[in-house]
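Undergrad: what follows is a protein structure lacking sequence information:
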Ligand code: MG
(Lines give C-alpha, C1' and ligand atoms only; values in the text may rest on other atoms or scores of the structure.)
Protein backbone atom coordinates (compact mmCIF):
# COMPACT_ATOMS: atom_id res chain seq x y z
CA UNK A 1 0.00 0.00 0.00
CA UNK A 2 1.35 3.46 -0.82
CA UNK A 3 2.06 5.93 1.96
CA UNK A 4 -0.88 8.04 0.84
CA UNK A 5 -3.24 5.05 0.87
CA UNK A 6 -2.07 4.02 4.36
CA UNK A 7 -2.50 7.56 5.63
CA UNK A 8 -6.02 7.74 4.22
CA UNK A 9 -7.07 4.35 5.59
CA UNK A 10 -5.78 5.31 9.06
CA UNK A 11 -7.78 8.52 8.73
CA UNK A 12 -10.91 6.57 7.74
CA UNK A 13 -10.62 4.37 10.84
CA UNK A 14 -10.36 7.37 13.15
CA UNK A 15 -13.19 9.09 11.26
CA UNK A 16 -15.43 6.07 11.97
CA UNK A 17 -14.70 6.38 15.71
CA UNK A 18 -15.51 10.10 15.58
CA UNK A 19 -18.66 9.38 13.59
CA UNK A 20 -19.92 7.05 16.35
CA UNK A 21 -19.08 9.68 18.98
CA UNK A 22 -21.09 12.28 17.03
CA UNK A 23 -23.99 9.89 16.38
CA UNK A 24 -24.28 9.00 20.09
CA UNK A 25 -24.75 12.71 20.78
CA UNK A 26 -26.97 13.33 17.79
CA UNK A 27 -24.55 15.92 16.41
CA UNK A 28 -24.42 16.70 12.70
CA UNK A 29 -21.04 17.85 11.36
CA UNK A 30 -20.63 20.12 8.34
CA UNK A 31 -17.20 20.28 6.67
CA UNK A 32 -16.77 23.79 5.23
CA UNK A 33 -14.08 24.04 2.57
CA UNK A 34 -12.84 26.73 0.17
CA UNK A 35 -9.80 28.61 -1.09
CA UNK A 36 -8.36 31.14 1.36
CA UNK A 37 -10.45 34.30 1.37
CA UNK A 38 -13.74 32.90 0.05
CA UNK A 39 -15.46 34.10 3.21
CA UNK A 40 -15.95 30.98 5.34
CA UNK A 41 -15.37 32.70 8.68
CA UNK A 42 -17.53 35.70 7.77
CA UNK A 43 -20.29 33.33 6.67
CA UNK A 44 -20.03 31.47 9.98
CA UNK A 45 -20.15 34.68 12.04
CA UNK A 46 -23.21 35.88 10.18
CA UNK A 47 -24.89 32.46 10.37
CA UNK A 48 -24.34 32.05 14.12
CA UNK A 49 -25.78 35.51 14.77
CA UNK A 50 -28.66 34.92 12.35
CA UNK A 51 -29.62 31.58 13.88
CA UNK A 52 -29.01 32.45 17.56
CA UNK A 53 -31.69 30.87 19.74
CA UNK A 54 -32.89 28.82 16.77
CA UNK A 55 -30.13 26.37 15.93
CA UNK A 56 -27.38 25.29 18.34
CA UNK A 57 -24.01 25.62 16.57
CA UNK A 58 -20.43 25.11 17.67
CA UNK A 59 -17.28 25.50 15.62
CA UNK A 60 -13.91 23.86 15.03
CA UNK A 61 -11.55 26.20 13.20
CA UNK A 62 -8.63 24.98 11.11
CA UNK A 63 -5.76 27.22 10.03
CA UNK A 64 -2.03 26.69 9.68
CA UNK A 65 -1.31 29.35 12.29
CA UNK A 66 -3.01 31.87 14.61
CA UNK A 67 -6.14 31.68 16.74
CA UNK A 68 -7.76 34.62 14.97
CA UNK A 69 -10.73 32.81 13.46
CA UNK A 70 -11.73 31.03 16.69
CA UNK A 71 -11.54 34.41 18.45
CA UNK A 72 -13.79 35.95 15.80
CA UNK A 73 -16.29 33.12 16.25
CA UNK A 74 -16.26 33.45 20.06
CA UNK A 75 -17.26 37.12 19.82
CA UNK A 76 -20.60 35.87 18.47
CA UNK A 77 -21.12 33.98 21.76
CA UNK A 78 -20.54 30.61 20.12
CA UNK A 79 -18.07 27.97 21.41
CA UNK A 80 -15.08 27.52 19.13
CA UNK A 81 -11.83 25.60 19.20
CA UNK A 82 -8.87 26.47 17.01
CA UNK A 83 -6.67 23.79 15.52
CA UNK A 84 -3.36 24.83 13.97
CA UNK A 85 -1.99 22.46 11.37
CA UNK A 86 1.49 24.04 11.14
CA UNK A 87 2.87 22.95 7.79
CA UNK A 88 -0.25 20.82 7.15
CA UNK A 89 -2.72 21.85 4.46
CA UNK A 90 -5.92 20.23 5.82
CA UNK A 91 -7.65 18.99 8.96
CA UNK A 92 -7.65 15.25 9.57
CA UNK A 93 -9.68 12.86 11.73
CA UNK A 94 -7.03 12.77 14.47
CA UNK A 95 -7.16 16.56 14.82
CA UNK A 96 -10.94 16.34 14.92
CA UNK A 97 -10.74 13.85 17.83
CA UNK A 98 -8.67 16.39 19.77
CA UNK A 99 -10.98 19.24 18.77
CA UNK A 100 -14.11 17.34 19.85
CA UNK A 101 -12.62 16.48 23.25
CA UNK A 102 -11.84 20.15 23.91
CA UNK A 103 -14.99 21.64 22.38
CA UNK A 104 -17.45 19.07 23.77
CA UNK A 105 -20.27 20.22 21.46
CA UNK A 106 -23.80 19.95 22.88
CA UNK A 107 -26.03 17.02 21.96
CA UNK A 108 -28.46 17.74 19.14
CA UNK A 109 -26.35 20.50 17.63
CA UNK A 110 -24.69 21.33 14.34
CA UNK A 111 -20.89 21.24 14.39
CA UNK A 112 -19.35 23.50 11.79
CA UNK A 113 -15.81 22.51 10.84
CA UNK A 114 -13.99 25.29 9.00
CA UNK A 115 -11.23 23.51 7.14
CA UNK A 116 -7.89 25.02 6.14
CA UNK A 117 -8.31 27.26 3.07
CA UNK A 118 -7.33 24.95 0.21
CA UNK A 119 -9.28 23.28 -2.57
CA UNK A 120 -7.00 20.24 -2.88
CA UNK A 121 -6.18 18.00 0.12
CA UNK A 122 -9.15 18.80 2.38
CA UNK A 123 -11.28 16.94 -0.17
CA UNK A 124 -9.38 13.70 0.56
CA UNK A 125 -9.86 13.54 4.32
CA UNK A 126 -13.05 12.26 5.92
CA UNK A 127 -13.85 14.35 9.01
CA UNK A 128 -16.95 12.32 9.94
CA UNK A 129 -19.05 15.05 8.39
CA UNK A 130 -22.69 14.53 7.51
CA UNK A 131 -22.23 16.98 4.67
CA UNK A 132 -19.53 18.73 2.71
CA UNK A 133 -19.93 22.34 1.70
CA UNK A 134 -17.60 24.05 -0.76
CA UNK A 135 -17.64 27.85 -0.71
CA UNK A 136 -16.51 29.87 -3.73
CA UNK A 137 -16.53 33.62 -3.99
CA UNK A 138 -17.27 35.55 -7.14
CA UNK A 139 -13.83 37.17 -6.93
CA UNK A 140 -12.34 33.79 -7.95
CA UNK A 141 -12.19 32.25 -11.40
CA UNK A 142 -15.50 30.76 -12.51
CA UNK A 143 -13.65 27.68 -13.84
CA UNK A 144 -12.58 26.44 -10.39
CA UNK A 145 -14.92 23.40 -10.57
CA UNK A 146 -13.00 22.19 -13.64
CA UNK A 147 -9.58 22.85 -12.09
CA UNK A 148 -10.31 21.23 -8.71
CA UNK A 149 -12.84 18.54 -9.66
CA UNK A 150 -12.30 16.28 -6.65
CA UNK A 151 -13.43 19.00 -4.26
CA UNK A 152 -16.56 19.71 -6.28
CA UNK A 153 -17.30 16.05 -6.97
CA UNK A 154 -17.32 15.14 -3.28
CA UNK A 155 -19.34 18.18 -2.15
CA UNK A 156 -23.01 18.09 -1.17
CA UNK A 157 -23.51 21.83 -1.53
CA UNK A 158 -21.78 24.61 -3.45
CA UNK A 159 -22.15 28.13 -2.08
CA UNK A 160 -21.34 31.08 -4.33
CA UNK A 161 -20.49 33.84 -1.86
CA UNK A 162 -19.99 37.62 -2.23
CA UNK A 163 -22.79 37.99 -4.80
CA UNK A 164 -22.93 41.68 -3.81
CA UNK A 165 -19.65 42.07 -5.75
CA UNK A 166 -20.99 40.60 -9.01
CA UNK A 167 -21.43 44.02 -10.69
CA UNK A 168 -17.71 44.73 -10.20
CA UNK A 169 -16.09 41.46 -11.26
CA UNK A 170 -15.82 39.37 -14.38
CA UNK A 171 -17.49 36.28 -12.96
CA UNK A 172 -20.14 34.34 -14.85
CA UNK A 173 -22.30 32.57 -12.25
CA UNK A 174 -24.16 30.58 -14.91
CA UNK A 175 -20.92 29.30 -16.38
CA UNK A 176 -19.53 28.40 -12.95
CA UNK A 177 -22.68 26.51 -11.97
CA UNK A 178 -22.63 24.79 -15.36
CA UNK A 179 -19.09 23.54 -14.76
CA UNK A 180 -20.06 22.39 -11.27
CA UNK A 181 -23.04 20.50 -12.70
CA UNK A 182 -20.74 18.90 -15.27
CA UNK A 183 -18.41 17.66 -12.49
CA UNK A 184 -21.13 16.71 -9.98
CA UNK A 185 -24.58 16.38 -11.57
CA UNK A 186 -27.34 17.34 -9.16
CA UNK A 187 -24.98 19.22 -6.80
CA UNK A 188 -27.06 21.56 -4.66
CA UNK A 189 -26.10 25.22 -5.07
CA UNK A 190 -26.83 28.45 -3.23
CA UNK A 191 -25.89 32.02 -4.11
CA UNK A 192 -25.52 34.46 -1.25
CA UNK A 193 -23.63 37.32 0.29
CA UNK A 194 -22.52 36.91 3.89
CA UNK A 195 -21.98 40.66 4.09
CA UNK A 196 -25.18 42.02 2.47
CA UNK A 197 -27.32 39.14 3.74
CA UNK A 198 -28.76 38.37 0.30
CA UNK A 199 -29.66 34.68 -0.07
CA UNK A 200 -29.03 33.77 3.56
CA UNK A 201 -32.58 32.54 4.16
CA UNK A 202 -32.03 29.59 1.84
CA UNK A 203 -28.72 28.76 3.54
CA UNK A 204 -30.40 28.84 6.96
CA UNK A 205 -33.14 26.55 5.65
CA UNK A 206 -30.48 24.15 4.33
CA UNK A 207 -28.77 24.13 7.74
CA UNK A 208 -32.02 23.44 9.55
CA UNK A 209 -32.38 20.28 7.50
CA UNK A 210 -28.92 19.18 8.71
CA UNK A 211 -29.96 19.32 12.35
CA UNK A 212 -30.27 15.74 13.52
CA UNK A 213 -33.74 14.62 14.50
CA UNK A 214 -34.14 12.58 17.66
CA UNK A 215 -34.23 8.82 17.34
MG1 LIG B 1 -11.23 31.48 8.08
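TA: Perfect, thanks for sending it. This one's a predicted model, so the numbers in the text were calculated from it and none came from an experiment.

Undergrad: what about the strands in this protein?
TA: 28-34, 57-63, 80-84, 110-114, 131-137, 157-161, 188-191 (DSSP state E).

Undergrad: may I see the buried residues of the last one?
TA: Right, strand 188-191. Across strand 188-191, burial judged by 16 or more other Cβ atoms under 10 Å covers 189, 190, 191. For glycine as for every other residue, the C-beta is placed from the backbone atoms N, C-alpha and C.

Undergrad: mind listing what residue 1 touches?
TA: Residue 1 makes contact with residue 9 under the criterion Cβ atoms under 8 Å, 6 or more residues apart in numbering.

Undergrad: and it, how far is that from residue 89?
TA: For residue 1, the distance to residue 89 equals 22 Å [Cβ to Cβ, to the nearest Å].

Undergrad: and for residue 174?
TA: Relative to residue 89, and taking Cβ to Cβ, residue 174 is found at 31 Å.

Undergrad: who's more crowded, those two?
TA: A count of neighbours by other Cβ atoms under 10 Å puts residue 89 above the other of residue 174 and residue 89, at 14 against 8.

Undergrad: pretty sure the more buried one sits against residue 120.
TA: Yes. The pair residue 89 and residue 120 qualifies as a contact (Cβ atoms under 8 Å) at a distance of 7.2 Å.

Undergrad: hang on, the earlier thing: quick one: closest of the strands of the chain to the ion.
TA: strand 110-114 (5.6 Å; Cβ to the ion).

Undergrad: quick one: strands adjacent to the closest one?
TA: Applying DSSP bridges, strand 110-114 is found paired with strand 28-34 (parallel), strand 57-63 (parallel).

Undergrad: quick one: the helices in the chain, in order.
TA: 3-24, 40-50, 68-74, 93-103, 144-147, 149-153, 173-183, 200-210 (DSSP state H).

Undergrad: nice, that's everything, thank you.
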